[in-house]
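Colleague: Output the structure for:
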Amino acid sequence: MKTVTRYDRMAIMDSTIDDDGFLNITACPIAKPGVFPYRFSDGSELMEAKLPDDIFSPETVQSANSKPITNDHPNETVKPSNYKRYAVGMTHNDAQSDGRHLKVSMTVADQKTLDQIRDGKHELSIGFLANVDENPGEYQGTRYDAAQKNIKINHIAIVDHGRAGHDVNLFGDSAEMVLDKHKSNGGNQMTKLMLDSGDTVELESDAADKIQAQIKAYKQQITDAKEQAKQSKETAEETEKKLKSAKDDKEKAESDATKAKAEKDAEKAKAEKAKQDAADSIQEAVKNRLALEKKAKKVLGDSYEFESKDDKQIKVDAIKKLNDSFDEKDKDDIYINTYFDAMQDVAKNTGFDNAGGEFHKDSANETKLGNNLDLYDKKFGGEK
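Modeller: From the prediction side, this is the model:
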């Protein structure tokens, strides 16, 4: 199962302004069981279920306590290192389930956010992480494609009005929000993939989706192989029956049985290879990413935020750290890769200090870079 970010919208009830001007909301419903649509930016739609055992589990209820209130959704999970940047309030410690809703009280304390609420910014959106179980099912007569498991609330965002059909505000009726995987407030969504070993790897959502799709395809191949193996087994059993009833054609029946067994073995081998290919693909992707981050850290330092950057952006940032005159415009991936590798050698030879050192382009460095880029032109016909 993969871990994904989801946003749900519910209504705020029983809100008051106290003597200090803070907005206090009592026992606000923030989630409920049901089957809800999540619509993605490519036009696809997924029906996901929040089942009572999951949404009302002690761990999920507890996760609603003492969580930040934010003004719009940040492009990353809220944590201690970025709390001051995003938080405009907090939930209380009274999270509970009434059998129909998960509720918690909260306080909004930021003046800018309070002013925007008074001006009409009335929607509340819950940000949470959940594992997605892709086994379909049915809840209260409604079919679903997947079920959310291990739901952990991260933050609650106050947002502008959403899509038509979801007119929910701070003082209105409740409804469920539709998710856009590529939100307009910027940033790349991160997805955690859970491997068969139980380990998890965190990748950008696009890359994770591609790997997840590959895994799903390999699993389908395994399923197909098992089905074919089952069919081969049935064929073998039918062949055995023919052997019993066709003693006069024993040689042909034995040939059929041998062929069926060979097909079964071939399908089993195919299934095993598909499973291994899936594991190798994931490990290779993780290995390449870790190797890049290790190289880049020598230049960018430990404080650089790798999580929200793709491979190309990390390389460009590393190059610019050493050469602030570098311009990546109109440069293709091969050029940037070649330049990045050349800069790595130069940084190593010049003793570049990633704690704040600077790169000076002396004649030796420029000659080494020039030789590498000339080699790039000869091999690929690129432009400097």
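Colleague: how about the helices in the stretch 251-384 of the chain?
Modeller: Secondary structure of the stretch 251-384 of the chain (DSSP state H, counting those that start in this stretch): helices at 311-322, 333-350, 363-380.
Colleague: For residue 60, give me its contacts.
Modeller: 54, 102, 151-153 (C-beta atoms under 8 Å, 6 or more residues apart in numbering). Yep, even glycine has a C-beta here, placed from its N, CA and C like the rest.
Colleague: In this structure residue 65 contacts residue 90, no?
Modeller: No. Contact between residue 65 and residue 90 fails when scored by C-beta atoms under 8 Å: they sit 9.5 Å apart.
Colleague: If you rank the contacts of residue 60 by neighbours, which is first?
Modeller: Each of the contacts of residue 60 was scored for neighbours by other C-beta atoms under 10 Å, and residue 102 scores highest at 26 neighbours.
Colleague: Number of residues surrounding the closest residue in space to that one that isn't next to it in sequence?
Modeller: Counting by C-beta to C-beta, 6 or more residues apart in numbering, residue 31 is the residue found nearest to residue 102 once chain neighbours are left out, at 4.3 Å. If you count neighbours by other C-beta under 10 Å, residue 31 ends up with 25.
Colleague: same question, residue 263
Modeller: Neighbours of residue 263 using other C-beta under 10 Å come to 17.
Colleague: rewinding a little: export the contacts of residue 60 to JSON lines and tack on distance to residue 139?
Modeller: Below are the contacts of residue 60 laid out as JSON lines (distance: C-beta to C-beta, whole Å):
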{"residue": "54", "distance to residue 139": "11"}
{"residue": "102", "distance to residue 139": "16"}
{"residue": "151", "distance to residue 139": "15"}
{"residue": "152", "distance to residue 139": "21"}
{"residue": "153", "distance to residue 139": "21"}
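Colleague: Please save the CA atoms from stretch 133-147 in PDB.
Modeller: Taking C-alpha atoms only, stretch 133-147 is exported to PDB below (Å, rounded to 0.1, in the frame of the first residue of the first chain):
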ATOM      1  CA  ASP A 133      -5.900  -0.300   0.200                       C
ATOM      2  CA  GLU A 134      -6.700  -0.700  -3.400                       C
ATOM      3  CA  ASN A 135      -9.000  -3.700  -2.900                       C
ATOM      4  CA  PRO A 136     -12.500  -2.600  -4.000                       C
ATOM      5  CA  GLY A 137     -15.600  -3.200  -1.900                       C
ATOM      6  CA  GLU A 138     -19.000  -1.800  -0.900                       C
ATOM      7  CA  TYR A 139     -20.100   0.300   2.100                       C
ATOM      8  CA  GLN A 140     -23.800   1.100   2.800                       C
ATOM      9  CA  GLY A 141     -24.800   0.200  -0.800                       C
ATOM     10  CA  THR A 142     -22.100   2.300  -2.500                       C
ATOM     11  CA  ARG A 143     -19.200   0.700  -4.400                       C
ATOM     12  CA  TYR A 144     -15.600   2.000  -3.700                       C
ATOM     13  CA  ASP A 145     -12.300   1.600  -5.500                       C
ATOM     14  CA  ALA A 146     -10.100   1.800  -2.500                       C
ATOM     15  CA  ALA A 147     -10.200   2.200   1.300                       C
END
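Colleague: number of nearby residues for the nearest residue to residue 142 once chain neighbours are set aside?
Modeller: Closest residue to residue 142 apart from its sequence neighbours, by C-beta to C-beta, 6+ apart: residue 35 at 4.2 Å. Counted with other C-beta under 10 Å, residues neighbouring residue 35 total 20.
Colleague: Look up phi and psi at residue 118.
Modeller: phi -60, psi -30 (degrees, to the nearest 10).
Colleague: Look through the protein and tell me its longest strand.
Modeller: Criterion DSSP state E: the longest strand present in the chain is strand 146-159.
Colleague: Given it, what are its sheet partners and their directions?
Modeller: Using DSSP bridges, strand 146-159 pairs in its sheet with strand 45-50 (parallel), strand 68-71 (parallel), strand 123-133 (antiparallel).
Colleague: For residue 316, grab the count of nearby residues.
Modeller: 19.
Colleague: again with residue 106
Modeller: 24.
Colleague: swap in the one 3 residues further on?
Modeller: A count of neighbours around residue 109, defined by other C-beta under 10 Å, yields 16.
Colleague: What backbone torsions are found at it?
Modeller: phi -120, psi 0.
Colleague: Output stretch 327-343 as PDB, restricted to C-alpha atoms.
Modeller: Backbone C-alpha positions of stretch 327-343 (Å, rounded to 0.1, in the frame of the first residue of the first chain) are rendered in PDB as follows:
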ATOM      1  CA  ASP A 327      21.800  29.700 -16.700                       C
ATOM      2  CA  GLU A 328      19.900  26.400 -17.200                       C
ATOM      3  CA  LYS A 329      17.500  28.000 -19.800                       C
ATOM      4  CA  ASP A 330      17.400  26.000 -23.100                       C
ATOM      5  CA  LYS A 331      19.800  23.400 -21.600                       C
ATOM      6  CA  ASP A 332      18.800  19.800 -22.100                       C
ATOM      7  CA  ASP A 333      19.200  17.000 -19.400                       C
ATOM      8  CA  ILE A 334      22.300  15.600 -21.000                       C
ATOM      9  CA  TYR A 335      24.100  19.000 -20.800                       C
ATOM     10  CA  ILE A 336      23.100  19.500 -17.200                       C
ATOM     11  CA  ASN A 337      24.200  16.000 -16.200                       C
ATOM     12  CA  THR A 338      27.600  16.500 -17.900                       C
ATOM     13  CA  TYR A 339      28.000  19.900 -16.300                       C
ATOM     14  CA  PHE A 340      27.000  18.600 -12.900                       C
ATOM     15  CA  ASP A 341      29.600  15.700 -13.100                       C
ATOM     16  CA  ALA A 342      32.300  18.100 -14.200                       C
ATOM     17  CA  MET A 343      31.500  20.500 -11.400                       C
END
